[in-house]
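Student: got a structure for you, letters missing:
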């Protein structure tokens, strides 16, 4: 079975996709991919180039994660990366799983796992007091 060429421009995508949600996901993939480049390199620069990566320890990580701006930045990085990856997997499920029941089951599993990962990731960023955790970790050291 020959597959149609993927749309490369917005007008091609608008003509190809039957629903507005598919068009919105097509646009999202382009925008999120563009944003992820800057978010990822910003994260790498802040953690590896602006600071000596060989000297990163728990205190450095705890002090960075105590800043709300870093938490917001990392939350957006997690959100865009997870949605971008999940949408790519959704496209693969559509392409390679032929039976409708299996396709629905695979999508339900994918969205469930993605939701759990996102909730746990945001909880890890926002609910813990990293200063208190650092004190607890240092108390355990001999």
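Tutor: Perfect, I can see it now. Because the structure is a prediction, the values reported are computed rather than measured. Residues are numbered from 1 along each chain as shown.
Student: where in this protein is pLDDT low?
Tutor: Low-confidence segments of the chain, defined by pLDDT under 70, span residues 1-6, 8, 10, 12-19, 130-131, 133-134, 142.
Student: what about 80?
Tutor: Per-residue confidence for the chain (pLDDT under 80) gives these ranges: 1-23, 50-54, 56-59, 128-142.
Student: where along it do the helices fall?
Tutor: 10-16, 20-44, 58-65, 68-96, 100-126, 130-140 (DSSP state H).
Student: next, the buried residues of the third one.
Tutor: Of the residues in helix 58-65, 62, 64, 65 count as buried by neighbour count, 16 or more other Cβ atoms under 10 Å. (Glycine included, C-beta is placed from N, CA and C.)
Student: again with the fifth one
Tutor: Burial within helix 100-126, assessed by neighbour count using 16+ other Cβ under 10 Å, is assigned to 106, 107, 110, 114, 118, 121, 125.
Student: what's the answer for the fourth one, then?
Tutor: Of the residues in helix 68-96, those scored as buried under the neighbour-count criterion (16+ other Cβ under 10 Å) are 70-71, 73-74, 77-78, 80-84, 86-87, 89-90, 93.
Student: need the contact list for residue 136.
Tutor: For residue 136, the contact set (Cβ atoms under 8 Å, 6 or more residues apart in numbering) is empty.
Student: tell me how far it lies from residue 33.
Tutor: Taking Cβ to Cβ, to the nearest Å as the measure, residue 136 falls 39 Å from residue 33.
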